[in-house]
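A.B. asks: Starting from these lines, generate the structure:
(one chain, ligands or ions: 2)
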Amino acid sequence: MSDLLTTEEYKAIAAELSPPTQAFIDGSFRPANSGKTFDTVNPATGEVIAKIAACGANDVDFAVEKARDAFEDGRWSRLHPSERKEVLIRLVKLMKRNARELAVMESLDSGKTIYDCETVDLPETMHCLTWHAELIDKIYDQVAPASDDHIAMVLREPVGVVGLVLPWNFPLLMLAWKIGPALAAGCSVIVKPAEETSLTALRMAELAMEAGIPAGVFNVIPGSGVEVGEPLGRHMDVDMVSFTGSTATGRRFLGYSSESNVKEVTLEMGGKNPAIVLDDAENLDRVAAHIVNGAFWNMGENCSASSRLIVQKGVRDKLIEKILAHAREWPMGDPLDPETRVGALVSEAHFDKVRSYIGDDATVILGGKAEKGFVEPTVIEVARDAKQAREEIFGPVLSVMTVDSFDEAIALANDTDYGLAASIFTANYKRAIRGARMLRAGTVTVNSFGEGDISTPFGGYKQSGFGGRDNGIQAHDQYTQIKTIWLDLADDDDEAVD
Ligand SMILES: NC(=O)C1=CN([C@@H]2O[C@H](COP(=O)(O)OP(=O)(O)OC[C@H]3O[C@@H](n4cnc5c(N)ncnc54)[C@H](O)[C@@H]3O)[C@@H](O)[C@H]2O)C=CC1
Ligand code: BAL
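C.D. replies: Ligands and ions are numbered 1, 2, ... in the order given. Below is the predicted model of the structure:
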């Protein structure tokens, strides 16, 4: 974005914000049934931004009832897809009009840099919603091959009432990844934002109402995982849950499902993503820029972050030198300063977790400073069985390991419980393609870092993912059921036996 404001201008916007703080159910804001609230804190300053409704099982029950009513009477689910498209496009227009306010709100609530909120999170969120809205009146169902006496239709129907359980690292974008296809398909949604970052989801509810999404179709219930997430996961009248967050919590949703109504569950979970650099990689400066971006973008609070660098020994020293040079160009500081590239970690608890990985047992090559909610871009050399090499840190910490060969690199890359993303850097196209095939990860990038874009499915192998995929046309599979309708076309005097 070329028209970023100054820090002072962003602070002036921040001072004027008055986001909704109550639950949004059946088209209106209301306090939690218990009357309780919790504080949402700006992690960069420790200041309380707002008191948010601390909802519980009663609020979940009420929202599910209203979402079910809306789904069954067809006020949204049975609209012509092009009508749903129009409403969703209106929502995006309203977001555009309020983009600056949303960006500042997101930055304050999460510690993300305003630069990323303005240039990545907001544009990608709007693009995602537009993409799914534009898609929905262009996809067709199928007619299956059948005998001349029959016609067999294979139809997609919205799955029903869905629970969308969100993480705090990309509050708006993950909301869009889920509501985009869910609302376009005709589902009624109950959004459970992460307790650290509820503000933009609540503001989106307000905009959704203004755009014309009918009451009961888009509900937002703030609160803790145990008080809101669990009742949603266990609810007998929720048809499906789509979750993004840690593998530990994702695993719980499978339990909730099996112990309740066997609702469908899609899990997008953690990662310990390798970036492999082979001796023949070209343009090490560019490689280093990708590695630094992959490891430190969004403070490393990214499920697809390149958190493990697996480098072949012939190129190790040169590459590390370049990585250190690039990493020094990532200024850390006030998230509302448009020059800042590394903001605050999302919460004190998360800061403590990340800091614990940069202890005495790690050989620090760069950075290592962790103070008052901020952690410097940090590069550490680790043994293969060290916790820093195996556990998801979810902070700006890159763990480096050196290998002798291509085969060793692939084996080490795959030696993890996770399988979300991986990168391979090499000038040898055969190795690139062979490596991409051998890597057990949902997304593999060659000579670059990334997650693909809205048009490509995103999700993980092994303990990184379960069920469907976010993004791409494939995202619609999560929010639709397949129905077969089989019609008899035989003449009345034909035998009534197949
Ligand atoms: N894949 C990803 O994008 C994310 C991964 N993480 C990983 O998870 C670690 C812990 O972060 P958390 O915020 O604790 O993640 P989490 O997985 O516990 O939270 C994600 C969502 O699940 C909800 N939740 C938490 N406990 C629940 C429960 N018992 N039942 C139902 N819902 C529940 C939360 O309220 C939040 O909305 C991070 O350090 C990071 O390693 C965290 C956020 C996003
Ligand atoms: N990188 C977007 C998905 C996630 O971090 O959860």
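
A.B. asks: pLDDT weak spots in this protein?
C.D. replies: Under the criterion pLDDT under 70, the flagged ranges of the chain are 1-2, 496-498.

A.B. asks: Nearest to ligand 2: which residue in it?
C.D. replies: Closest to ligand 2 within the chain is C303: 3.5 Å, counting by C-beta to the nearest ligand atom. C-betas here are computed from N, CA, C, even on glycine.

A.B. asks: and that residue, what does it touch?
C.D. replies: 167, 169, 244, 268-271, 420-421, 464 (C-beta atoms under 8 Å, 6 or more residues apart in numbering).

A.B. asks: For V220, name its beta-bridge partners.
C.D. replies: Under DSSP bridges, the beta-bridge partners of V220 are F24, V191.

A.B. asks: Settle this for me: it is touching A205, isn't it.
C.D. replies: Yes. Using C-beta atoms under 8 Å, V220 is in contact with A205, at 4.6 Å.

A.B. asks: Can you work out which residues contact both of these two?
C.D. replies: Counting by C-beta under 8 Å, 6+ apart, the residues touching both V220 and A205 are 24, 191.

A.B. asks: ok, those two, which is more surrounded?
C.D. replies: The neighbour comparison of V220 against A205 (other C-beta atoms under 10 Å) goes to V220, with 29 against 23.

A.B. asks: mind listing which of the contacts of C303 are in strands?
C.D. replies: Residues of those located in strands (DSSP state E): 244, 268, 421.

A.B. asks: Turn these into CSV, columns for neighbour count and distance to F458.
C.D. replies: What follows is the ones in strands among the contacts of C303, written out as CSV (neighbours: other C-beta atoms under 10 Å; distance: C-beta to C-beta, whole Å):
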residue, neighbour count, distance to F458
T244, 25, 10
E268, 27, 7
A421, 30, 9
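
A.B. asks: For ligand 2, tell me which of those residues show up nearby.
C.D. replies: Checked against ligand 2 using C-beta under 6 Å from any ligand atom, the ones in strands among the contacts of C303 yield the following neighbours: T244.

A.B. asks: Make TSV from the ones in strands among the contacts of C303 and add distance to ligand 1 to it.
C.D. replies: Formatted as TSV, the ones in strands among the contacts of C303 follow (distance: C-beta to the nearest ligand atom, whole Å):
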residue	distance to ligand 1
T244	5
E268	6
A421	11
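
A.B. asks: Near ligand 2, which residues of the stretch 351-498 of the chain? Just list them.
C.D. replies: Checking the stretch 351-498 of the chain against ligand 2 by C-beta under 6 Å from any ligand atom, the hits are E451.

A.B. asks: can you give me the strands in the stretch 351-498 of the chain?
C.D. replies: 363-366, 370-371, 374-375, 378-381, 397-403, 418-419, 421-425, 443-446, 461-462, 465-466, 480-488 (DSSP state E, counting those that start in this stretch).

A.B. asks: for the second one, packing partners?
C.D. replies: Where contact means 3 or more C-beta pairs under 8 Å, 6 or more residues apart in numbering; DSSP states H and E, strand 370-371 is packed against helix 348-356.

A.B. asks: what do you get for the last one?
C.D. replies: For strand 480-488, the helices and strands in contact under the criterion 3+ C-beta pairs under 8 Å, 6+ apart are strand 150-158.

A.B. asks: now do the first one
C.D. replies: Under the contact definition 3+ C-beta pairs under 8 Å, 6+ apart, strand 363-366 sits against helix 316-327, strand 378-381.

A.B. asks: mind listing the helices in the stretch 51-200 of the chain by residue range?
C.D. replies: Assigned by DSSP state H, counting those that start in this stretch, the helices in the stretch 51-200 of the chain fall at 57-73, 81-97, 99-110, 114-116, 122-136, 171-185, 199-211.

A.B. asks: Could you list the domains of the chain?
C.D. replies: Using automatic domain parsing, the domain parsing of the chain gives 7-269, 273-446.

A.B. asks: distance between the first one and the chain's centre?
C.D. replies: In this view, domain 7-269 has its centroid 12 Å away from the chain centroid, taken as C-alpha atoms, centre = their mean, to the nearest Å.

A.B. asks: what about that domain, start to end distance?
C.D. replies: 34 Å (C-alpha to C-alpha, to the nearest Å).

A.B. asks: From S423, how far out is the nearest residue to E348 once chain neighbours are set aside?
C.D. replies: Take E348 and drop its neighbours on the chain: the residue closest to it by C-beta to C-beta, 6 or more residues apart in numbering is G373, 6.7 Å away. Going from G373 to S423 by C-beta to C-beta, to the nearest Å gives 29 Å.

A.B. asks: if you count what's nearby, which of those two comes out ahead?
C.D. replies: S423 (30 against 21).

A.B. asks: My guess is the more buried one contacts T443. True?
C.D. replies: No. The pair S423 and T443 does not pass the contact test of C-beta under 8 Å, sitting 9.2 Å apart.

A.B. asks: and stretch 47-56, which residues are buried?
C.D. replies: By neighbour count with 16 or more other C-beta atoms under 10 Å, stretch 47-56 contains the buried residues 49-50, 52-56.

A.B. asks: same question, stretch 270-278
C.D. replies: In stretch 270-278, counting by 16+ other C-beta under 10 Å, buried: 270-278.

A.B. asks: tally of neighbours for D415?
C.D. replies: 14.

A.B. asks: Would you mind naming what in the protein lies close to ligand 1?
C.D. replies: So the chain meets ligand 1 at 165-169, 192, 194-195, 224-226, 229-230, 233, 244-246, 249, 252, 269-270, 303, 350, 353, 392, 394 (C-beta under 6 Å from any ligand atom).

A.B. asks: Tell me the one of the buried residues of stretch 47-56 nearest T119?
C.D. replies: Minimum distance to T119 across the buried residues of stretch 47-56 is 22.7 Å, recorded for I49 (C-beta to C-beta).

A.B. asks: sec struct for the closest one, please.
C.D. replies: strand (DSSP: H, G, I helix; E, B strand; the rest coil).
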